[in-house]
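# Compute the structure for the input listed below.
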Amino acid sequence: MPRILGLDVGDARIGVSISDELCITAHGLCTIHRRSLKKDIRSVEKIVDEYNVEKIVIGLPKMLSGEIGIQAQKVQRFIFALQKLNIPIITWDERLTTAEAHRILSATDTSRKKRKKVIDQLAASLILDSYLISIR
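From the prediction side, this is the model:
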């Protein structure tokens, strides 16, 4: 069955999450360490093919005022390059998701070393989960 992919695109890493087959819940899948735009797109493409992804939800880091800032513009450039996959791409307001991910991991007494490894996946999961709730 088709799934939905969630991405939290940063300068150094891309957090990746995937929905279950019924598109009810999201869970962290992996973290892509950014190398070049071409290689990053290829990494996402492999995941799309492997998991039969029908749609991609990408967090758009708007400023608290709701305006598009520098980081959101970088994400928009990534989205433009990702459009070559010919798959629907949804942008999702991700304000404060990374902060929420830090709060969750801190509350679970996760070590700093482990937090660094999973923070981007958790942020991607929060983005995708929020989207999945909205479409139910």
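# what about the helices in this structure?
All helices of the chain, identified by DSSP state H, fall at 37-50, 70-82, 97-107, 112-135.
# ok, Thr91 - how many residues close by?
Using other Cβ atoms under 10 Å, Thr91 has 17 neighbouring residues. Just so you know, the C-beta spots here come from the backbone N, C-alpha and C atoms, and that holds for glycine as well.
# Leu126: what's it in contact with?
Neighbour list for Leu126: Glu94, Thr97, Glu100, Ala101 [criterion: Cβ atoms under 8 Å, 6 or more residues apart in numbering].
# how about the helices of the chain, which one is nearest Ser19?
Among the helices of the chain, helix 112-135 comes nearest to Ser19, with 6.2 Å by Cβ to Cβ.
# Return that closest one as PDB; C-alpha atoms alone will do.
C-alpha atoms of helix 112-135 as PDB (Å, rounded to 0.1, in the frame of the first residue of the first chain):
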ATOM      1  CA  ARG A 112      22.700  14.200  24.400                       C
ATOM      2  CA  LYS A 113      24.600  11.900  22.100                       C
ATOM      3  CA  LYS A 114      21.500   9.800  21.300                       C
ATOM      4  CA  ARG A 115      19.400  13.000  20.900                       C
ATOM      5  CA  LYS A 116      21.600  14.200  18.200                       C
ATOM      6  CA  LYS A 117      21.100  11.000  16.300                       C
ATOM      7  CA  VAL A 118      17.300  11.000  16.400                       C
ATOM      8  CA  ILE A 119      16.200  14.700  16.700                       C
ATOM      9  CA  ASP A 120      15.700  15.200  13.000                       C
ATOM     10  CA  GLN A 121      13.800  11.900  12.600                       C
ATOM     11  CA  LEU A 122      11.500  12.900  15.600                       C
ATOM     12  CA  ALA A 123      10.900  16.400  14.100                       C
ATOM     13  CA  ALA A 124      10.000  14.800  10.700                       C
ATOM     14  CA  SER A 125       7.700  12.400  12.600                       C
ATOM     15  CA  LEU A 126       6.000  15.300  14.300                       C
ATOM     16  CA  ILE A 127       5.500  17.100  11.000                       C
ATOM     17  CA  LEU A 128       4.100  14.000   9.300                       C
ATOM     18  CA  ASP A 129       1.900  13.100  12.300                       C
ATOM     19  CA  SER A 130       0.400  16.600  12.300                       C
ATOM     20  CA  TYR A 131      -0.400  16.300   8.600                       C
ATOM     21  CA  LEU A 132      -1.900  12.800   9.100                       C
ATOM     22  CA  ILE A 133      -4.200  14.100  11.900                       C
ATOM     23  CA  SER A 134      -5.400  16.900   9.600                       C
ATOM     24  CA  ILE A 135      -6.500  14.600   6.800                       C
END
